[in-house]
Every structure is written in C-alpha cells, then in structure tokens.
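Colleague: Task: produce atomic coordinates for the following.
(chains A and B)
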Amino acid sequence: MRSFARNLHPLAWWLWALGLLTAASRSTNVTVLALILSVAWLVVKRRRSDAPWARAFHLFLKLGLIVLFIRFLAQVLFGTPIGTPVLFTLPELALPQWAAGITVGGPVTGPSVLAAFSDGARLAVMLALIGAANTLANPKRLLASLPAALYEVGVAVVVALSFAPSLIVAVTRVREARRLRGRDDRGIRGVLTVAAPVLEDALERSLALAAAMDSRGYGRRATVNPRIHTITTGLFSVGLVGIALGLFGLLDSSTPSRLTVLAFSVGVTAAVGGLTLAGRRGIRTRYRPDRFAVPEQLTVAAGCIAASVTIWASITHAGVINPPIGVLAWPSVPWPVLLGVLLAAAPAFLTPLPVFTQQADDAVAVRR
Amino acid sequence: MIEFRDVTATYPDATKPTIKNVRLHIDEGELCLVVGRTGTGKTTLLRLINGLFPHFTGGVVSGQVSICGRDTAKFPPRELADLVGVVGQDPRAHFVTDTVEDELAYTMESLGIPADVMRRRVEETLDLLGLVELRRRPLDTLSGGQRQRVAIGAALTAHPRILVLDEPTSALDPPAAEEVLSALQRLVHDLAITVVISEHRLERVVHYADRVLYLPGDGSVRDGAPADILKDTPVAPPVVELGRIAGWDPLPLTVRDARRRASALRDALTACVATPAPAPDPDTAITVVVRDLRVAYGNRPVLNGVHLNFRAGEITALMGRNGAGKTTLLRSLVGLHQPVSGTVTVVGKDPRALNARALLQEIGLVPQDATDLLYAATIGLECAAADDDAGAAVGTCAALLAEIAPELHGEQAPRDLSEGQRLSVVLAIVMTAAPKVLLLDEPTRGLDYRAKESLASILRRFAQTGTTIIIATHDVELTAELASRMIVLADGDIVVDGDTAQVAVSSPAFAPQIAKIVAPLPWLTVGDVAESLGVLP
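Modeller: Predicted structure coming up:
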C-alpha cells in the first residue's frame, strides 16, 4: 500500500504500544518477551521521525537494562534460594533476631536467578514499549488530540514540557554571564548562585507566555447550565472507579475476566459521557486534526490482537506463558501467540512513512 | 474604533500615573506610530488597547477605553481577541505551538472558528505574508524577520480590526525590518486594518505613519501628523534633524523628500571642506589578534577562517545580517566558544586559558541581554560586587556609574530601570576592571536617540584612553556616529573591512540617512553637517 508520508495519529501508536505492553505484562516467558521486544524495535526502526522525542527509545532501553540489573542484584543479595543447582554461595550476613526472615547473601541457585531474570526482563520490555510509544508519537499532538474538556490541562502540560529545554538554555546563559563578571563558580555553590536568576528568568517567560495566550483568546468559555455540571462530576467519578478496577483486573490474572470487562465498559462509558458533557463549556475548534484512518485502525487492531492472544494463552496455556519456577528449560511458545505477536509488527509495513522535519538547507549546511 | 476617554493608568506600586487624562480617538485604517523616550509609557498605552493593562499587569485605570464599543474594563484580553491582535517585541516568547501552520491557526482555534474557514484563512495569510514555503517549518528554525512575520500572521488570521505592535523590529537587521514593515503597510492598504505601533528607530517607520502619538513623559499624549509632531520632539530620525537644521517646513520624513530639497544644502556643503577622519596611527599597539578562526555549532559552520587585528583606541562596528556570526565572533574573543581551529589572542594571552578574574582585566563583554549580568537587589550592592570581583578600590564602579548615568542612585533596583539605564549599569560594572578591550553586542536595541547619544559619548571617552572597542550592531546611524572602522560579516566570512566613511557611502544598505541625502559628498551624520555649516544641531 503506497501512501504519502504523514504522521500517524499519536493515539494510535499509544494504543498499539499499550496492547503490546498488556501482552508483555501477562508473560514471564522470555521467548515471548524477546519476540515482543523485537517487534517493537522493528516498528520503531522503520517508523520513527527525526524529531527530538524520537530518540526516546534508546533511553528507555537503557533504563530497562538498569531495572533488569537491579532486579538481578536484589535476587542475588536478598532472595531466598529456590531449587538446585547452587551456582555459587555468597558469605551470609548474620542479622539480629528482629530482622528474621531477611537473608543477605547465602547460596544463589540457577532457578532463582532465572526467575529474577525473566521477571526483570518483563519490566524492561514494558519500559521499552513505553519508550516506543514516546518515540513514535508526537507528545504535543497527543495532548492536542485530548477531548475539549481536558484541553486546558493539556496546554499546561505542553508549557511544562517546553519549560525544561528553556531552563537548560537559561542555566547556560547565567553561567556565561557570571564568567563575564569574573566568577568561575563550580559545584554546589555554583548551582545555588545560578538558581535564583534562572528561576526568575523562567518565571518571567511563563508570565509573558500567559499574557500572550490570553491576548489570543485562550480560555474563552461558553456558559452552561449548573445541572449539567453536577451530572458531569458524577459521570467522571463513576468512570474513574470503573477504569481503575478494570485496569487492576487486566494486570492481575487472578481477577475473573467477566468482572474486568464489566468494570472497564462501565468506566469507559461514564468517562466518555463526562468528557462529552464537560466539552460543552469549551468553544474551541481544531485546525487540521489528525485523522484516524485505516492505517491508524490497523495499528490499534494489531496491538489489540497481541494483547488478547496473550491474555487468552495465559489462561489456557498458563504453564507455557508463565513457566513454573524451578524448571531449567528454554520456554516454548504456542503458535497462536507467536502469530499474534508477530502481527503486531504489521504497522512497520502498513503505515505511511513519517514526515521528516530536517530542512533541505540544513542538509546543505552539513555537507559544506 | 479605538476611543480613550480621560484615561489615567497607574501601576500597582507607582506613586504617579504612567498615563494621565488621555483623550484619543483612532479611526479605522490608520497607521498610528507611538513615539517617546524609554519609560514614558508607550508599552502601557499599547497594553491599554487590548486590556492587558490592568487585567494582566494589575494597577488602576480610571476613565474608559472602548474598542469598537467594548469597554476594556469589562472585557478581559481573551474576550477582545477577535478585535485586537497583538504582536510583541520577541515573538519567541509568545509562540504557543511549534510549527508555522499551527501557530497561525492558534487564535482561530481559541475563538472557535469552524475548521473549513480556518483552513482557508491560514492559506490566505500564508500568501499575504509570503510564508508559503515555511508552512511546515518548526518555529525555532526561522530567522528573526520570518518569526516576526509569523507572529503578525498569527494575529491576523482571526481577522482583527486592530493590530497592536510593540517595537516589532527592534531585534531585526535592516532588511528583515523592511520585510516586516512593508508587510504591515500592505495590510493597512489592502484590509484597512488599524495599526498601532511603537518603535524607537523612527527612521524605519515614520514615513509609513499617518499619525504620531508622542508621549513626552508626563503622562500626556500629543497627537498629530508626523511632520507637525516631530518639529520639536527630542526623539527624531536623522532626516528630521537635518530638516530642522536646514529650516525646511514641512519637515521631510523620507530620504527622498529630503534629497529633493537638499540641492541648496549640498551646494553650501560643497563649499566647506569635510573634516577628514584622523588617519589610524600605525604605532598604536595591537590588542586583539584573530588568526584563521573557525567556529561551528555542531556541523554548522559559523565562522570560516576569520583574520583580524584590532588596535588600542580603535572603535570598530561589526555589521551583517542576523545569523552572520557577529555574536559568535564576540563570544569567541572572550573565550566562550571552543574554536574548531585558529587562535584568538587578547593582549598576548589566550582568553580560554585565563580564569574568569584574570579575563576581566583584559577584556569585557556586554552581552545582548545585558540584564543577565545583573543579579543583586540594588545598584549599590551590584557596584560593590563589581569592585570586589575586579579587585578594584572600593567605590570605583560607583564613581564610573556616576559619570555615565548621574541620575541613578544606589538604592534603586536594577529591575525597575529602563533598558538604557540598565545598560549604563552593566557598562560601569564591566569597565570597573578597566579592561583593555570592550565588546558590546547590540547595545542600542532598546535605546532611544538621547540614550544612544550618551552611550556614544561615553564610548568615545573610553576609546580616547586607549580601550579597543568592538560593537556588533544593526544600527547604521550609530556606526556612522561612532565607529572609525567597519567590518561586514556574511555567512561566516568577512565581506568588507575598512574605514566607515568609505564603506558606508559605497553601499546603500549600510549608508546612514544623511549620507544618502548629501551623496556624493562625504558627510555621514547630522553633527558633522551642522559643524561644517556652523550651526548648532
């Protein structure tokens, strides 16, 4: 399918990543996890742009490795040994009576290391998937596609996001200014003396921005009936509780699935109703909103398939998707899961290419 | 359209009102220029128009400001957004989105304009302001002039009846300023938008104005045709000052007007002998040596192999469009950039190898945002800190400041000063260590004509005591007034390096107004002409 380069709706990427994340969260099977990670890597590789946030994936991968390492270290140091063989034995720390039940050091066995590894890998893969969503979706467009009721919250987040880079600029400027006045501040003292002018600068910028936004009509509202306001609040409360219960059920395999589905659907319906009603207060319109066309739908579907197949398999093939601890064997993968997860790689081929922002003149400058 | 009825505006902590008993009526389709010295209330007047004063700044307004029948006391800025578009001095500080198209649509989105109308208006505005090629560009990749045009476009898409601009060209080089102002001129003529604009560099705008509002500083506003108001105001472009000397009435506002009347003046000048600029003394010591300097940001080259020498007591103007490398050159001289190759030597030393304190004794830089250098609560504390940093005798900085700006006193907070006064404080601080080289980056950005004159006389005095002075500037009038040497940078290369008198006359882009009027005669400034003719300016 040939189509013009355009950026996919950011929500589509997030839903796709959340689907894979759900799949990863249900499994400690390293083969499944490796499969999910490679799918995410492939899609990121083929569909990320050159925008600043498109470097997030590597950052999250590194973060995942750190988590994996910490999980591993914790198991070696504090874990209770399970099964055999014993790989090596650390000197055990004798703890006082009140700390009974906590062991530090002692024998380290193969199965316990393996369990720690697969558990850490699950966390690392989940982090990588969040990284993939961050890499593929433009955060500002995502906030811009929030429902009208959440628009103002979205703007606050956008302003906060642009605050960080401008803070770095301000720090450099103030440091240079101090050098020009004959001071080389280093260390804590340097940070402290720089902090006040930098924050002052940042505050002034945000005030200027706020004044500009107000002058451009930000925060205009339509008047609504107070009864609608009450109904909106009620719907939001129900929605929040419902979605929270649903999420809990989704991540915890011991909750009956019927309850999960029920809580989720009630919660989502109430929340959508609340947002629609609350949106009546805003008069805002959208300029060229992102479309939710076929490629977006395919992307979301791919994520959903991966999630549902893994959830189904974790119930029917519990011993394979979550291999019992103590068995030292390379875990196998049931073919529906293999197929389902591989399908999640479809967006790498079926979505249009992203738009690259790098200008031609920049490229010329680099060549010269 | 705009109606001020006995308006008095007072800031929260102020003892006296900034604007006092002002009555004004501005009609549709007028281009109204607000002039006055810094700190006389130009910005306040502009903010009153869309209600930012008092809704955002605090303060008290008595009387009534009504915009197309809406009282700004009852309507906050957001409720006036469909009538008044606002463009600030630094558009970067006011951009909400991150690409050109989104920024153009932002106000319309807030106003709830239907999607198809928005699309059409964005396309129209892209054409109107020549932004079509830039539509998808991220805002932070635009040049100064492009950015300012986007800001104007963003205000225009909502189809306001009034456009308010606060010093829209102060940060721009002459061609970029021209680009912005001609766009405005077209808007007034094509769409009959009312434009209220404040500006320090009158030579850029005064000929576009239908009407001038002059704020003398006591809170009142004088209102009239440009040629009438400028007869006796202390702020006036060189062409008007020449007209005053020559006794022309009505006053000329453009080079063309003046040139057509100047034949008698030119004849009179031909009879005089122009005072030749003193030839540079080949024996004065060379203080700064730049050898094959190459600097890059990442992969982007900014300076490609620059060779320069600067002598003691020499005043040099560094010119060229935004992004030509002027600031980078100055920053390299104080060692803020790691060069790719080449060397910088300041009085025999490498600035990057010096610690901050030693550097201060050799070379001082007044950066573009001079305020960055100020952080104490009062001027007195600031001066004491400067004495301490420079290892100078107590009171050195205060004494210097008293010379430069006698009206300031130690208890004032730097925050409350005008742009020009802050610049004076920074200049005093930098000069406390008596550096042998003084660099200034765009010092006249927010300065009115008087402040510029006093800056020029101070700098001349420093030069006479043997300080090397290098000024990066877009201001051709300042260059003509002050600098004996002029360097033009373009795209990281030195394009011109020579005597100001020769360089300025040889190209219209860098010629001051007087040079254009009396050409081919070699006079550059009103002061020179007045001296030659024996009249007091």
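
Colleague: Centre-most residue in chain B?
Modeller: In chain B, the centroid-proximal residue (C-alpha atoms, centre = their mean) is residue B:445; its distance is 2.8 Å.

Colleague: Need phi/psi at that residue.
Modeller: Here is the backbone geometry of residue B:445 (degrees, to the nearest 10): phi -50, psi -50.

Colleague: If we ignore the residues flanking it in sequence, what's nearest it?
Modeller: residue B:170 (5.5 Å; C-beta to C-beta, 6 or more residues apart in numbering or on different chains). (Each C-beta comes from the backbone N, C-alpha and C, glycine too.)

Colleague: what are the ranges of the helices in the stretch 201-350 of chain B?
Modeller: With DSSP state H, counting those that start in this stretch as the criterion, the stretch 201-350 of chain B has helices at B:202-205, B:226-229, B:238-246, B:255-261, B:263-271, B:326-333.

Colleague: got these as CSV, with distance to residue A:235 columns?
Modeller: Below are the helices of the stretch 201-350 of chain B laid out as CSV (distance: least, C-beta to C-beta, whole Å):
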stretch, distance to residue A:235
helix B:202-205, 56
helix B:226-229, 61
helix B:238-246, 67
helix B:255-261, 68
helix B:263-271, 80
helix B:326-333, 56
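
Colleague: Output those as CSV; include the columns mean neighbour count and distance to chain A.
Modeller: What follows is the helices of the stretch 201-350 of chain B, written out as CSV (neighbours: other C-beta atoms under 10 Å in any protein chain shown; distance: least, C-beta to the nearest C-beta, whole Å):
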stretch, mean neighbour count, distance to chain A
helix B:202-205, 22, 22
helix B:226-229, 19, 28
helix B:238-246, 23, 33
helix B:255-261, 17, 34
helix B:263-271, 13, 44
helix B:326-333, 23, 8
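
Colleague: Between those, which one is closest to residue A:300.
Modeller: helix B:326-333 (48.2 Å; C-beta to C-beta).

Colleague: contact partners of the closest one?
Modeller: Outside helix B:326-333, the residues that touch it by C-beta atoms under 8 Å, 6 or more residues apart in numbering or on different chains are B:288, B:290, B:293, B:295, B:302-303, B:306, B:318-320, B:337, B:339, B:344, B:346, B:351, B:363, B:365, B:368, B:437, B:439, B:441, B:470, B:472, B:489.

Colleague: check these against chain A, which are close?
Modeller: Of the residues in the contacts of helix B:326-333, proximity to chain A by C-beta under 8 Å from any C-beta of the partner chain holds for residue B:365.

Colleague: Which of the contacts of helix B:326-333 are buried? Put it as a ChimeraX command.
Modeller: In ChimeraX, a selection of the buried entries from the contacts of helix B:326-333 looks like this (16 or more other C-beta atoms under 10 Å in any protein chain shown):
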select /B:288,290,293,295,302,303,306,318,319,320,337,339,344,346,351,363,365,368,437,439,441,470,472,489
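
Colleague: Show me the contacts of helix B:326-333 that map onto strands.
Modeller: Using DSSP state E, the subset of these located in strands is B:288, B:290, B:293, B:295, B:302-303, B:306, B:318-319, B:344, B:346, B:363, B:365, B:437, B:439, B:441, B:470, B:472, B:489.

Colleague: distance of residue A:274 from residue A:148?
Modeller: Here the criterion is C-beta to C-beta, to the nearest Å. By it, residue A:274 lies 12 Å from residue A:148.

Colleague: do residue A:32 as well
Modeller: From residue A:32 to residue A:148 the distance is 40 Å (C-beta to C-beta).

Colleague: Which one of the two is surrounded by more residues?
Modeller: Using other C-beta atoms under 10 Å in any protein chain shown as the criterion, residue A:32 and residue A:148 rank with residue A:32 on top: 29 against 18.

Colleague: so which helix or strand takes in that one?
Modeller: Residue A:32 belongs to helix A:30-47 when assigned by DSSP states H and E.

Colleague: Stretch B:312-325 spans what distance, first to last residue?
Modeller: Stretch B:312-325 has an end-to-end distance of 23 Å (criterion: C-alpha to C-alpha, to the nearest Å).

Colleague: Report the mean confidence score over it.
Modeller: Averaging pLDDT along stretch B:312-325 gives 89.

Colleague: and what of stretch A:249-262?
Modeller: Averaged across stretch A:249-262, pLDDT comes to 79.

Colleague: repeat for stretch B:9-23
Modeller: 89.

Colleague: That stretch and chain A, are they touching?
Modeller: No: counting by C-beta under 8 Å from any C-beta, no contacts exist between stretch B:9-23 and chain A, the nearest distance being 14.4 Å.

Colleague: got the contact list for residue A:284?
Modeller: Taking C-beta under 8 Å, 6+ apart as the test, what residue A:284 contacts is A:148, A:151, B:109-110, B:112.

Colleague: So which helix or strand of chain A has the lowest pLDDT on average?
Modeller: Least confident element among the helices and strands of chain A, by mean pLDDT, DSSP states H and E: helix A:360-367 (a mean of 38).

Colleague: measure residue B:258 to residue B:163 for me?
Modeller: Using C-beta to C-beta, we find residue B:258 at a distance of 29 Å from residue B:163.

Colleague: Next up, phi/psi of the residue nearest to residue B:167 when sequence neighbours are not counted, please.
Modeller: Using C-beta to C-beta, 6+ apart and skipping the chain neighbours, the partner closest in space to residue B:167 is residue B:89 (4.7 Å). Torsion angles at residue B:89 (phi, psi; degrees, to the nearest 10) stand at phi -70, psi -40.
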